[in-house]
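Asks: model this:
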Amino acid sequence: AIIILIILLAIFPIVYSKFVSKTDGSSKVGTAFYILKSDYFEANIELGKIVPRDEVYTYPFTVSNNDGKNRLETKMQYDLKIVTTTNLPLTYALYMNEDYNNNIITEDRVITDDDGTYFKEMTTNSQFFGFTEDETNKYELYVYFPSSYDDFEYQDIIEAVNVVITSKQVLDGE
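Replies: Just a heads-up that it's a prediction; the model follows:
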C-alpha cells in the first residue's frame, strides 16, 4: 500500500501539471473614445495612489473613428485637451502611436476657473480621421513624479486628470 501511495504521489503531480496553464495579461488601453459624430467627450484618468518614484507612470487611451460596428460617415477633425489639477508637482508628456521621440503637447498653461482654482491645461495639434477605413490613434500619457519629492508634504494628495476631446465635421475645402 505504501509503494502504491508513493507511485501515485510521484505520478499525480506530473499528470496534474499537464492540465495547468498560467498566463499574465494586462489591458494596454485604459480608456477608449469613439468619435462617430461631431460631439464633445471627456473622461477622467484615475491616477490612483501616485507616489514619488524614478519610474514614469503610464496611462494609455485611444481615439477611434469607429466602435467596432459603426464608422464615421464624414471626415472629422478632433482636438485633444488634457486638464489636470495642480495639487502635485507632476510633469506630463503625451505620445501618439508609439512615437516616443515626439511629445505631442503643443501648449501647456495654467488657467483658473471662476472660483480661482488653478488647473493645468495641455493641448495638442488637431488630428483628422477619414471615413473610408477604420482608424485608431493610440495615446500614452506619461506622468513624472520624481523621487526627489518623497516628503510627507505630498502624502495623500489627490491629483485629477481629465481628457477632453472636441470633434467637428470637416467640409471639403477646409
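
Asks: check the spacing between the spatially most central residue of the chain and residue 118 real quick.
Replies: Nearest to the geometric centre of the chain sits residue 60, at 2.3 Å (C-alpha atoms, centre = their mean). Residue 60 is 27 Å from residue 118, where distance means C-beta to C-beta, to the nearest Å. Every residue, glycine included, has its C-beta placed from N, CA and C.

Asks: now do residue 139
Replies: Residue 139 is 24 Å from residue 118, by C-beta to C-beta.

Asks: one more: residue 46?
Replies: Residue 46 is 21 Å from residue 118, by C-beta to C-beta.

Asks: check residue 143 too.
Replies: To residue 118, residue 143 is 18 Å away according to C-beta to C-beta.

Asks: and the lowest mean pLDDT element among the helices and strands of this structure?
Replies: Ranking every helix and strand in the chain by mean pLDDT, DSSP states H and E puts helix 2-17 at the bottom, with a mean of 67.

Asks: list the buried residues in stretch 47-67.
Replies: Across stretch 47-67, burial judged by 16 or more other C-beta atoms under 10 Å covers 47, 57, 59-66.

Asks: show the residue spans covered by the strands in this protein.
Replies: Taking DSSP state E as the criterion, the chain carries its strands at 31-34, 40-45, 57-64, 76-85, 91-96, 105-112, 118-124, 127-129, 136-144, 161-169.
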